[in-house]
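Student: Here is a sequence together with a model predicted from it:
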Amino acid sequence: MITKISEVIENGLCCNCGACEGICKTDAIELRIDHQKKEYTPVIDETKCNNCNLCYAVCPGHCVNYHELNEFFFKKQPSDVLIGNYLNCYLGYVSDDNVRFNSSSGGLVTGVLIYALDKGIIDGALVTRMSKENPLEPEPFIAKTPEEIMEASQSKYCPVPVCKLLKEILASDYNKLAVVGLPCHIQGIKNAEMINKVFREKIVLNIGIFCSHNDNFWQTTSLLDRWGIKPGEVHEIHYRGEGWPGNMTVKLKNGEKKSIPYSRALSQHVLWINAIHRCLFCPDLTAELSDMSFGDPWIPEIMENETKGQSLVVCRTKKAEKILSEALSDGYIHLSNLSSEMVKKSGYMMESKKKDIKVRLLIRRLFGKKLPEYKTPLQRPGFKNYLRAIFVYFQVVLSSKRSLQGFMVKLSLLETKLLGGK
C-alpha cells in the first residue's frame, strides 16, 4: 500500500494534476517538467516538509474513493455505472458564433462561464490557456473577465497542473469561483473540498471535461517534428478550433501559420502513443464528481454533417441545472434534451473506461507494481476488452522509448482496425 506522496511518484502514479503542490502549506512541493519523461514531476524539498501528509490526502494518483465522495457531495451512489450521478443530459452550443467557431466542440463551457460571470454567480474561473511566454506550456490561471475566459477556450493536449492553484484560491479575495478541469483535476479538487471547508465555500461550480487520457509533451513535439518546426520557433499553438472537429494550428514567430485537421493531427488511434502512464488506470471518462460535464459528441447520427461544433452535457446537480436553464433563457446558449443512452454512444471509451481498466490493473499487478485504489463499480471485461487493454498498455509502455514509436503507431493503427475506436 502506498502511504506517502514520494511513493506515488516512485511508482509512476502521478497524474500531473498539481494537487500536491497546491495544498502544501510550506511550499515544499513544486511541479517541474521532467524533460526526459516529457511530463510534470513533483519535486519535494525535504527541508521544508513538515510531514503533514496533506499532499497525500488530496492526491488522486494513488486513491479516489468514489463511494465516499459520491455520498458526501451527491448524498447517494450513482445508478449509472458509465455516467455517474446525473439529473439530465443535453446537447448544445454557445450562441456567439465566433466563440463557437474558435472552440473545441460548441463553446458551451465558455458560454456557461461567461453567463455565470455576467450574472455574479461567480467572480472568477480557474481555467487554462497556453502561456504567452512559453507557448508550448499550459498556464492555469483565474480568469476575471469574459475576454480572459475566451483566452482559455479549446482543448490542451498536454499535461496541465490545474490543481496547483489551490493555494491561490485559499489566499485570494475571490469567494465564488468556478473550476474547469479533467476528471483527475476534479478528483483532486473534491479531495481538497472534503478536508477543508474553505474550498467548499469558495468553489461554487466544478465543471468537468470528458477525458479518455492526457498526453505528455511528446505529443506536441512529435507533431511539430512532422512539420519541421523547432519548439523555439513557435509563437502560438491551438490544438483545436476553426470549426468542428477543427484544426491544430501553429503560428510561428516569423509570421508563418501552419494548420492540420484534427483527424490527422490528434486522432484517437495515435493519442495513446504519448499518453501519461497513470491515465491507463483511470476509470472516469465523464468527470463524474463535477457539477456538470462537457465533451465532444462523437455520435454519427448527430454529428455526421456538423461543422460548427456541439457539446454533450451531463448535468449532475441542481445548481448546475439552474445555471444551464437560466443561461438558456437569457440567450447565452442553446440546448436540446439528450437521452443518457445516446450519451453512451459517444465513443467506445465510455465502455472501456469501466472494463478495459480491470485488465490494465491486472497487468500492472502481474508486473509486481502497486495499484491505485478505487471504490467504484467496474464492469466485467469481455474478450475484446482484454485484447484492447493489452494493446493499449504496451503501446504506452513501449512508446516511452522513442526508438520504438514508429512501430507503435503501426500497432495502434492495427488495434483500431481490429478492435474499434475513433
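Tutor: It's in. Residues are numbered from 1 along each chain as shown.

Student: Please make it C-alpha for all contacts and neighbour counts, starting now.
Tutor: OK.

Student: Tell me which stretches of the stretch 1-150 of the chain form strands.
Tutor: 29-34, 39-44, 63-64, 88-94, 124-130, 138-143 (DSSP state E, counting those that start in this stretch).

Student: strands paired with the second one, and their directions?
Tutor: For strand 39-44, the pairing partners within the sheet under DSSP bridges are strand 29-34 (antiparallel).

Student: Distance from the partner strand to the middle of the chain?
Tutor: 19 Å (C-alpha atoms, centre = their mean, to the nearest Å).

Student: got a list of contacts for it?
Tutor: For strand 29-34, the surrounding residues in contact (C-alpha atoms under 8 Å, 6 or more residues apart in numbering) are 18, 20, 21, 39, 40, 41, 42, 43, 44, 45, 161.

Student: Just the buried residues of it, please?
Tutor: 29, 30, 31, 33 (16 or more other C-alpha atoms under 10 Å).

Student: Show residues contacting the helix or strand containing residue 258.
Tutor: Using DSSP states H and E, residue 258 maps to strand 257-261. Residues from elsewhere that reach strand 257-261 (C-alpha under 8 Å, 6+ apart): 245, 246, 247, 248, 249, 250, 251.

Student: Now the residue nearest the centre of the chain: closest residue in space, sequence neighbours ignored.
Tutor: The centroid of the chain falls nearest to residue 182 when counting by C-alpha atoms, centre = their mean (2.6 Å). Leaving out its chain neighbours, the residue that sits closest to residue 182 by C-alpha to C-alpha, 6 or more residues apart in numbering is residue 209, at 5.0 Å.

Student: ditto for residue 168
Tutor: residue 22 (7.9 Å).

Student: now swap in residue 181 and tell me
Tutor: For residue 181, the spatially nearest residue (C-alpha to C-alpha, 6+ apart) is residue 208, at 5.2 Å.

Student: elements contacting the one helix or strand the one you found maps to?
Tutor: Secondary structure from DSSP H and E places residue 208 in strand 203-209. With contacts defined as 3 or more C-alpha pairs under 8 Å, 6 or more residues apart in numbering; DSSP states H and E, the packing partners of strand 203-209 are strand 177-181, helix 183-195, strand 292-295.

Student: Which residues are in contact with residue 194?
Tutor: By C-alpha under 8 Å, 6+ apart, the contact set of residue 194 is 69, 200.

Student: how does it look with 10 Å?
Tutor: Counting by C-alpha atoms under 10 Å, 6 or more residues apart in numbering, residue 194 makes contact with 57, 58, 68, 69, 72, 73, 188, 200.

Student: Grab the two from the residues you listed that are most spread out in space.
Tutor: 57 and 73 (17.3 Å; C-alpha to C-alpha).

Student: Which one's more surrounded, those two?
Tutor: Legend: neighbour count by other C-alpha atoms under 10 Å for residue 57 and residue 73, higher for residue 57 (21 against 15).

Student: quick one: which of the contacts of strand 257-261 is nearest to residue 321?
Tutor: Nearest to residue 321 among the contacts of strand 257-261, with distances taken as C-alpha to C-alpha, is residue 245, at 26.8 Å.

Student: residues near residue 256, how many?
Tutor: 10.

Student: so it touches residue 229, yeah?
Tutor: No - Residue 256 lies out of contact with residue 229 (C-alpha atoms under 10 Å); the separation is 11.0 Å.

Student: Please enumerate the shared neighbours of these two.
Tutor: Counting by C-alpha under 10 Å, 6+ apart, the residues touching both residue 256 and residue 229 are residue 250.

Student: which regions of the chain sit below the pLDDT cut-off?
Tutor: By pLDDT under 70, the weakly predicted segments of the chain are 266-271, 401-422.

Student: Please parse it into its domains.
Tutor: Domain segmentation of the chain under automatic domain parsing yields 66-215+271-343, 218-265.

Student: deepest of the ones you listed, which one?
Tutor: Compared across the domains of the chain, domain 66-215+271-343 shows the largest average neighbour count, a mean of 20 (mean count of other C-alpha atoms under 10 Å).

Student: now that one, how far from the chain's geometric center?
Tutor: On C-alpha atoms, centre = their mean, the centre of domain 66-215+271-343 falls 9 Å from that of its chain.

Student: now do the same end-to-end measure for it.
Tutor: Its start and end residues considered, domain 66-215+271-343 measures 21 Å (C-alpha to C-alpha, to the nearest Å).

Student: got it, and stretch 47-56?
Tutor: Terminal residues of stretch 47-56 lie 18 Å apart, using C-alpha to C-alpha.

Student: For the residue of the chain positioned farthest from its centre, give me its contacts.
Tutor: The outermost residue of the chain relative to its centre, with distances by C-alpha atoms, centre = their mean, is residue 47 at 32.7 Å. When contacts are counted by C-alpha under 10 Å, 6+ apart, residue 47 is found next to 26, 28.

Student: swap the cut-off to 7 Å and go again
Tutor: Not one residue lies near residue 47 by C-alpha atoms under 7 Å, 6 or more residues apart in numbering.

Student: So it versus residue 30, what's the distance?
Tutor: Plainly put, residue 47 is 13 Å away from residue 30 if you go by C-alpha to C-alpha.

Student: Kindly report the same for residue 322.
Tutor: Taking C-alpha to C-alpha, one finds residue 322 at 38 Å from residue 30.

Student: Helices of the stretch 51-200 of the chain, residue ranges please.
Tutor: 54-58, 66-74, 97-101, 108-118, 146-151, 166-171, 183-195, 197-202 (DSSP state H, counting those that start in this stretch).

Student: got those as a markdown table, with distance to residue 260 columns?
Tutor: Shown next, in a markdown table, are those (distance: least, C-alpha to C-alpha, whole Å):
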| stretch | distance to residue 260 |
| --- | --- |
| helix 54-58 | 39 |
| helix 66-74 | 39 |
| helix 97-101 | 16 |
| helix 108-118 | 24 |
| helix 146-151 | 21 |
| helix 166-171 | 36 |
| helix 183-195 | 28 |
| helix 197-202 | 40 |
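
Student: Name the residues that touch stretch 288-307?
Tutor: Stretch 288-307 has contacts (C-alpha under 7 Å, 6+ apart) with 83-85, 105, 186-187, 205-210, 243-244, 286-287, 311-317, 320, 345-347.
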